[in-house]
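Novice: I would like to see how this sequence folds:
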Amino acid sequence: MPTYTLLQIVQKILNDMDAEEVNAIGDTSESTQVANIVEDTYYNMISNRLIPEHKELIQLTSLSSASRPTHFQYPTNVTAITGVWYDKSSDSSLEYKPVEWVEPEVFFRRTDGRSSDYTTVTDVNGATSLRIGNAKHPDFYTSFDDEYIVMDSHLSSLDSILLASKTRAIRTKIPTFSISDSFTPDIDENYFPLLISESKSVAMSLLKGGTDPKIEQAARRQRSRIQNDLYNTVKTKRLSIYGR
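Specialist: Numbers count the residues shown, from 1 in each chain. Take a look at the predicted model:
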């Protein structure tokens with residue numbers, strides 16, 4: 001199944017609309033309108049679906065601050081963090097262990113109970129003080145503002161702060177879309193028929209004053225097929241994931 005540039009998608013839609021042929025998106029006002037419709041449809045499509053191509057492995061960004069030794073910043077263009085790990089080895093053997101997500105209330109309950117081996121840390125927003133452990137690797141993390149991650153502890157005898165290079169996380173990114181002839185939308189090839197069908201349906205409705213039943217039927221079929229074919233690799237059913 002092929003992939004298509006934005007110009008090729010626009011040309012396909014214009015052809016089915018019996019519109020003027022173009023060699024570039026900017027050739028006519030109608031082709032520009034169709035390109036904008038494809039962009040809107042693209043973002044609507046990816047916001048309503050878990051698209052595996054938009055998940056990737058990253059390292060978190062440390063604040064690199066001795067006063068906030070376990071603070072990290074969420075990466076930009078991210079809709080979710082679905083897993084965090086930290087290298088808990090004392091050398092370079094790479095012993096990544098999961099760091100559990102907990103709600104802020106749970107984070108407070110667990111850390112407020114500490115009576116030793118902790119440092120008092122003021123959170124980024126300055127609204128509260130935290131008892132951050134200093135004698136062990138992190139076990140859990142939270143976020144108070146959806147911008148910063150706070151882990152519960154660090155092993156100060158090994159590192160004065162938690163290191164970005166020792167983190168591992170899975171993020172769901174927000175891809176960019178460019179209105180240009182050569183741009184190819186960042187989706188797997190099996191999503192292109194759905195993107196074209198749904199864009200065509202919207203374009204027919206907005207620019208021609210009505211939709212074609214056959215186009216609507218094709219879009220429904222593509223939506224149904226996509227739900228059964230999300231991944232290139234067949235995956236077993238997962239009972240739970242931990243979230244951001």
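Novice: Helices along the protein, start to end?
Specialist: 6-16, 29-47, 104-112, 192-208, 213-227 (DSSP state H).
Novice: Next, work out how far apart the residue lying closest to E95 once chain neighbours are set aside and K55 are.
Specialist: Closest residue to E95 apart from its sequence neighbours, by C-beta to C-beta, 6 or more residues apart in numbering: S89 at 3.9 Å. Heads up, the C-betas are built off the backbone N, CA and C, glycines and all. Distance, S89 to K55, by C-beta to C-beta, to the nearest Å: 26 Å.
Novice: what does L63 give?
Specialist: Relative to K55, L63 is positioned 25 Å away (C-beta to C-beta).
Novice: Quick check on these two: which one has the bigger neighbour count.
Specialist: The residue with more neighbours, out of L63 and K55, is L63; 19 against 14, by other C-beta atoms under 10 Å.
Novice: dump the residue contacts of the more buried one.
Specialist: By C-beta atoms under 8 Å, 6 or more residues apart in numbering, L63 lies in contact with 71-73, 124, 148.
Novice: which of the residues in stretch 103-117 are buried?
Specialist: Across stretch 103-117, burial judged by 16 or more other C-beta atoms under 10 Å covers 107-108, 110-111.
Novice: tell me the mean pLDDT over that stretch?
Specialist: What stretch 103-117 shows for mean pLDDT is 96.
Novice: any residues touching that stretch, and which ones?
Specialist: Counting by C-beta under 8 Å, 6+ apart, 102, 118, 130-136, 140-144, 150, 152 sit against stretch 103-117.
Novice: Of these, which is the nearest to S93?
Specialist: Nearest to S93 among the contacts of stretch 103-117 is K136, at 17.6 Å by C-beta to C-beta.
Novice: Compute the number of surrounding residues for the closest one.
Specialist: If we define neighbours as other C-beta under 10 Å, then K136 has 14 of them.
Novice: how near is the most centrally placed residue in the chain to N77?
Specialist: For the chain, the residue nearest the mean C-alpha position is T172 (2.0 Å; C-alpha atoms, centre = their mean). Using C-beta to C-beta, one gets 10 Å for the distance from T172 to N77.
Novice: got the contact list for D152?
Specialist: With C-beta under 8 Å, 6+ apart, D152 has these contacts: 70, 107, 110-111, 132-133, 138-141.
Novice: What separation do you get for it and L6?
Specialist: For D152 relative to L6 (C-beta to C-beta), the value is 46 Å.
Novice: Excluding sequence neighbours, find me the nearest residue to A24.
Specialist: Using C-beta to C-beta, 6+ apart, the closest residue to A24 is D181 (5.5 Å).
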